[in-house]
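Q: Build me a model:
(chains A and B)
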Amino acid sequence: MKTILADLILSAARAVAPDVLLPPLSIDRCRDPRHGDFASNAALVLAKLVGRSPRGVAEALVALLPADDRVARVEIAGPGFINFTLSAGATLGTVLAVLQSGHGYGRSPAGSGARLQVEFVSANPTGPLHIGHGRGAAYGAALADVLEAAGHQVDREYYVNDAGRQMDILALSVWLRYLALGGQNPTFPPNAYQGSYVSDIARSLRERERERFDVPVCGTLLEAPVPDDEREEYLDALIEHARMSLGSAGWRIVHAAGLDTILDDIRADLHEFGVEFQSWFSERSLTDSGAVDRAIERLEASGHLYRKEGALWFRSSIFGDEKDRVVERENGQRTYFASDIAYHAQKLERGYDRVIDVWGADHHGYIPRVKAALTALGFDAERLEIQLVQFATLYRGGQRAQMSTRSGEFVTLRELREEVGNDAARYFYVMRRSDQHLDFDLDLATSQSSDNPVYYAQYAYARICSVFRQWQEANPGLAWSPPAQLEALSPLVEPEELALITELARYPEVVASAARAREPHQIANFLREASAALHAWYNNHKFLGVSPDGLEVARLTLAAATRQVLANALHLLGVGTPERM
RNA sequence: GUCCCGGUAGCUCAGCUGGAUAGAGCGUUCGCCUCCUAAGCGGAAGGUCGGCGGUUCGAAUCCGCCCCGGGACGCCA
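A: All right, here's what the predicted structure looks like:
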């Protein structure tokens, strides 16, 4: 409808100002229903260009506006806005359009947009997902679904950091716990993984492999803690020691015990959360396939690398980064950044029009160096888009529910899901802009009242279901179906009904806008507003057994259309649609 | 110090590619169930949109400077 009106106003504008290069003219929904359905600022924008008063331009535009039976009234208001009021037919047509499109209402035709990849969560498989990862999961999943609804082809990917130092530290942690279970008592470094899940993994490793990895530990392993500034070097030395003690085959098994267990747990956790991926991309596969070597060689060949103090540096500063970055450490190990260069290059080579990475906001400083690397490799860095997600803070009883990563006792996503349920968790995570801190109110998320926005929307859906259940009881054996003729909806004249229809009509615009801005929270806002319109209508008017005859059919049809739109919006956020509450 | 993100009602936040009288929820307060789910609805009070300049017919929105809060600045990931 918006584009129809835009075309009308554009053709009038061309006639009014034939010699002028037209600036963009906007058509927006009116905030105040008394103004009509849509408003255009065309006269205000054109006034100066054609040297006439805004109201004068508006009058000329209106006079030249092509007739259209979808427009009932055109008025000039305020400083020169042109307000459109839709005809009853155009308004009521939305209701039938919703029911005809069903699940597809609000969706653009598939394939009309670009081919996209959304990479999200991608947490290191060194421990269970925590509440910060949860927000990335909920945001990424909703974003991907919204983009898909807007017509894009979307692949969802989890980048598995299964190589590198952090995984080695995990393997070491598992082995040390394993040794402790075998009666030895090596010192457990404070910067190794402390969580109790590490001991669980060690226990099942021992059950499966018995004493196979019980290597007598050397003296240094039993020594007192090292000074703080040598802790990392000490950890690296311990890893080296473990590798040698266990041999490469043994080390691989311990390594895999940690990785597989935790990755399985993450997969299950996300699956239960309603978050699915098309691919789980292994970092190690980049190393194994030589992709990292090739990326480094390409940078080397194009003169973007240099040696300094034993390390290999990428000259990212000439591409806008603050300073140059190390890709290969002094000890010969590649940095995380090295595989990330290869990974992103590889993603762009896969042919996506655009690759969207969802990162924790603490990684924002990382953006310039990745883009620098892509530019250096000859890619258009604009094809990589980073969406940052701020962390969430939990509140319980008005108090901050503190999490401490140091002790390994942090709040996991699973614990949160168990406390508030998947629906509330999914909704709360995305109801605010993702790039802003989120105060997650646990009490509110579990409260069964209209204060709770999830219940508020789900209750609107359930109420409609309840009405239809009762219609069915009164009409046993009949199957409800919407009327085929628009005239059947003409009894819908109440202000609450027209307001609700307006909500249904703007849903496709909301989906498109949320996709364009990468802001699923717009869907959450819409759900609140559409639910409010339903509740207001429900409280003031009865649906069943009303007279005259056609009124019940008309109201049930609007109710059915509303239920459809609520369901479509809730699905986009991964929130369930309970038929009774 | 450099960079990023914020500052809108008592609280939590929408609104930000400029548009009409700045919105929602909570909280406060006054009402509404013999009626399809009160897990709901309606009314009232509550604002210098951090400050000062600028651009514009028009600024919460764009630009500049300043104040305040949070975060990032490793041969970690």
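
Q: Can you name the next helix or strand after the worst-scoring helix or strand of chain A on mean pLDDT?
A: Across the helices and strands of chain A, mean pLDDT, DSSP states H and E gives its lowest value to strand A:399-400, namely a mean of 76. Going down the chain from strand A:399-400, the next helix or strand is helix A:413-420, by DSSP states H and E.

Q: Now do that next one: which elements does it pack against?
A: helix A:131-149, helix A:231-272, helix A:422-430, helix A:442-446 (3 or more CB pairs under 8 Å, 6 or more residues apart in numbering; DSSP states H and E). All C-beta spots, glycine's among them, are computed from the backbone N, C-alpha and C.

Q: ok, and does it reach over to RNA strand B?
A: No: Helix A:413-420 stays clear of RNA strand B (CB under 7 Å from any atom of the strand), getting no nearer than 13.1 Å.

Q: Next, count neighbours for the nearest residue to residue A:162 once chain neighbours are set aside.
A: Spatially, and ignoring its direct neighbours in sequence, residue A:162 is nearest to residue A:284 (4.8 Å; CB to CB, 6 or more residues apart in numbering). Residue A:284 has 15 neighbouring residues, counting by other CB atoms under 10 Å.

Q: Which residues does stretch A:448-464 contact?
A: A:423-424, A:427-428, A:431, A:444-447, A:524, A:527-528, A:530-532, A:534-535, A:538, A:559-560, A:562-563, A:566-567, A:569-570, A:575-581 (CB atoms under 8 Å, 6 or more residues apart in numbering).

Q: same thing but at 7 Å, please
A: For stretch A:448-464, contacts defined as CB atoms under 7 Å, 6 or more residues apart in numbering pick out A:423-424, A:427, A:431, A:444-445, A:527-528, A:531, A:534-535, A:538, A:559, A:562-563, A:566-567, A:570, A:575, A:577-581.

Q: Among these, name the ones in strands.
A: Among the contacts of stretch A:448-464, DSSP state E puts none in strands.

Q: Which per-residue confidence value corresponds to residue A:226?
A: At residue A:226, the pLDDT value in this model is 68.

Q: next one: the one 5 residues further on
A: In this model, residue A:231 is scored at 79, pLDDT.

Q: Go back to the contacts of stretch A:448-464 and keep what's next to RNA strand B.
A: Checking these against RNA strand B (CB under 7 Å from any atom of the strand), the matches are A:528, A:531, A:535, A:538, A:580-581.

Q: What residues does the stretch 301-450 of chain A have near RNA strand B?
A: Going by CB under 7 Å from any atom of the strand, the residues of the stretch 301-450 of chain A near RNA strand B are A:308-311, A:322, A:325-326, A:329-331, A:335-337, A:361-366, A:432-433, A:435-439, A:448-450.

Q: do that again at 6 Å, thanks
A: Residues of the stretch 301-450 of chain A lying close to RNA strand B by CB under 6 Å from any atom of the strand are A:309-311, A:322, A:326, A:329-330, A:335-336, A:361-366, A:432-433, A:435-437, A:439, A:448-450.

Q: doesn't residue A:39 make contact with residue A:81?
A: Yes: if you go by CB atoms under 7 Å, residue A:81 and residue A:39 touch, sitting 4.8 Å apart.

Q: quick revisit: where among the helices and strands packed on helix A:413-420 is the average confidence lowest?
A: helix A:442-446 - the lowest mean pLDDT of the helices and strands packed on helix A:413-420, at a mean of 86.

Q: helix or strand right after that helix?
A: helix A:453-474.

Q: how far off helix A:413-420 does that following helix point, in degrees?
A: Counting by axes from the mean of the first three to the mean of the last three CA atoms, to 10 degrees, helix A:453-474 lies at 50 degrees to helix A:413-420.
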